[in-house]
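Colleague: return a 3D structure for these sequence lines:
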Amino acid sequence: MSATHSEKFTFAGFIAEALHTKEIGNSIDAVLTEIINKWEKGNAAKSVISNPVKWFVKVSFSKPEDTIKKNELLTLIISKSIPMVRAFFENTDFSDIKTFLEQSKDDFKKIIQGINTLLVEYPGKLITSLSFIPDISNHLIFYLKDLISRLNALPADILTDILLSVLKEIDPKTTARLINNFNELVRQVHTGSALIGEAGSPQFSADLIAKLRIILNEIDPELLLKAGNAIIDGKKTVISTFNNVISEDQTFLKIHLEHLMSSQNAKTEVLKEKLEKIEDLNDEEGIKELISVLNTYDLAEIINIFFRILNELHEDSPELFQNLISEFFNTLDINEIQETFIAIFYDTGSAFRPFLRTIVPVFVKEFINCMTPEDDGNDEKIAEMQEMLRHFIMGKEI
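Modeller: Residues are numbered from 1 along each chain as shown. Model (predicted):
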């Protein structure tokens, strides 16, 4: 067994060694000297008595700067840290700590508020304390890295059991009540805003507009534009840099693209499940309400993105493109699609009539104009199409 493991740590021994360090000794010397100075202040007799006492305190606790090492206390803490932590783990009942933390929530909040208040009172110390964040973050990152690597070393069943045990400890009813309370808070604010505002103008909107007007009046529009452009350029730079880096490693690039496809497949499956749930609804009014709030703009954008992906796929891998298209159309229910188009063009023809009468003439006119000879390399195909169309209208075969 190593010396670190065999060393018996005691808190009393640690305190005894800490008292012999420069930092603790000088602190005790300063505190006791200050107490004695206040006690003797304005009294000659007390001053005579206190001088030998102050000399004794200084000799006992203070150390000359040239006779001691620097950072003695830190060195001691580091040397004792592992034995200290080991003793803590071996001798501490963690259930007591859990109880202590549960019963001390308000006290911790007051301590945190008090510390923040003190920091604000001393701006210089606040700025210095903020400079600790990078170092503390690095320590936390190292801790998490080391902890997760050790968790990964555990057997899969044990690791899963640990995580599930943690999950089981979370109170689902309290979590649900938290969500309900938050939802109620949003509803209350929305309702209250409508009640205290003018008709058709909720108070929140009015106050927000007023606040934004004041803010915008104080904002430098040119500087705002430059900052916005800088953010856009920065985002573009980050994305471009990331794409350039992963494109250098073909294996990583393929994995990344597979991840994107898997992510899109998962979203598609979720959308499919939601649509199936809507299809299973028996409440016709509920279905009407759901469809009425359908965001057709986003739906159209999804279709646009889908066709852009197909076009890119066709350019890169025509054979795979053909297989995907075949699989897609073979899966479609042609009868259902036919019924939908019949319903659109026949059952709701009166609604489409103004649209068709307005758009179709323009479309046909422009279509005919586009089919005139222009010597752009397409005249031969256009002439072939015109011949086929003529024979089709005349009822003759080519």
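
Colleague: tell me which strands and helices the longest helix seen in the chain is in contact with?
Modeller: Longest helix in the chain by number of residues (criterion: DSSP state H): helix 250-280. Contact analysis of helix 250-280 by 3 or more C-beta pairs under 8 Å, 6 or more residues apart in numbering; DSSP states H and E lists helix 221-248 as its packing neighbours. (C-beta placed from N, C-alpha, C; glycine too.)

Colleague: low-confidence ranges, this protein, go.
Modeller: By pLDDT under 70, the low-scoring segments of the chain are 1-23, 25, 57, 59-82, 84, 278-279, 281-295, 347-349, 396-398.

Colleague: who's sitting farthest from the centroid in it?
Modeller: For the chain, the largest distance from the centre (C-alpha atoms, centre = their mean) belongs to Ala45, which lies 68.6 Å off.

Colleague: residues contacting the strand or helix carrying that one, please?
Modeller: With the criterion set as DSSP states H and E, the secondary-structure element containing Ala45 is helix 44-61. Outside of helix 44-61, the residues that reach it under the criterion C-beta atoms under 8 Å, 6 or more residues apart in numbering are Gly25, Asn26, Ile28, Asp29, Leu32, Thr33, Ile36, Asn37, Trp39, Glu40.

Colleague: can we see that at 6 Å?
Modeller: For helix 44-61, contacts defined as C-beta atoms under 6 Å, 6 or more residues apart in numbering pick out Gly25, Ile28, Asp29, Leu32, Thr33, Ile36, Glu40.

Colleague: show me those residues that map onto helices.
Modeller: Applying DSSP H to the contacts of helix 44-61, the entries found in helices are Gly25, Ile28, Asp29, Leu32, Thr33, Ile36, Glu40.

Colleague: can you pick the most crowded of these?
Modeller: When the ones in helices among the contacts of helix 44-61 are compared by neighbour count (other C-beta atoms under 10 Å), Gly25 ends up highest, at 20 neighbours.

Colleague: what residue is smack in the middle of the chain?
Modeller: Lys235 (16.2 Å).

Colleague: how far off centre is stretch 132-150?
Modeller: Taking C-alpha atoms, centre = their mean, to the nearest Å, one finds the center of stretch 132-150 at 19 Å from the center of the full chain.

Colleague: equivalent analysis for stretch 160-178, please.
Modeller: So, by C-alpha atoms, centre = their mean, the centroid of stretch 160-178 is 21 Å from its chain's centroid.

Colleague: quick check: end-to-end length of that stretch?
Modeller: Looking at stretch 160-178, the gap from its leading to its trailing residue is 27 Å under the measure C-alpha to C-alpha, to the nearest Å.

Colleague: tell me which residues in that stretch are buried?
Modeller: Of the residues in stretch 160-178, none is buried under the neighbour-count criterion (16 or more other C-beta atoms under 10 Å).

Colleague: neighbouring contacts of it?
Modeller: Contacts to stretch 160-178, defined as C-beta under 6 Å, 6+ apart, come from no residue at all.

Colleague: so how far is Gln113 from Glu102?
Modeller: Relative to Gln113, Glu102 is positioned 19 Å away (C-beta to C-beta, to the nearest Å).

Colleague: cool, and Lys54?
Modeller: 38 Å.

Colleague: okay, the two: which has more neighbours?
Modeller: Applying other C-beta under 10 Å to Lys54 and Gln113 shows that Lys54 carries more neighbours, namely 16 against 10.

Colleague: how many neighbouring residues does Leu299 have?
Modeller: Other residues lying near Leu299 total 10 when counted by other C-beta under 10 Å.

Colleague: secondary structure element for it?
Modeller: Under DSSP H and E, the secondary-structure element containing Leu299 is helix 296-316.

Colleague: which of the residues in that helix are buried?
Modeller: Taking 16+ other C-beta under 10 Å as the basis for neighbour counts, none of the residues of helix 296-316 comes out buried.

Colleague: any idea how far it is from the chain center?
Modeller: Relative to the chain's own centre, helix 296-316 is displaced by 27 Å; criterion: C-alpha atoms, centre = their mean.

Colleague: ok, stretch 202-222 next?
Modeller: Centroid separation between stretch 202-222 and its chain, computed with C-alpha atoms, centre = their mean, is 27 Å.

Colleague: what angle do the longest helix of the chain and helix 296-316 make?
Modeller: 140 degrees (axes from the mean of the first three to the mean of the last three C-alpha atoms, to 10 degrees).

Colleague: give the buried residues for helix 250-280.
Modeller: Along helix 250-280, not one residue counts as buried under the neighbour rule (16+ other C-beta under 10 Å).

Colleague: what ranges do the helices span in the stretch 101-250 of the chain?
Modeller: 105-121, 123-130, 132-152, 156-169, 172-196, 203-218, 221-248, 250-280 (DSSP state H, counting those that start in this stretch).
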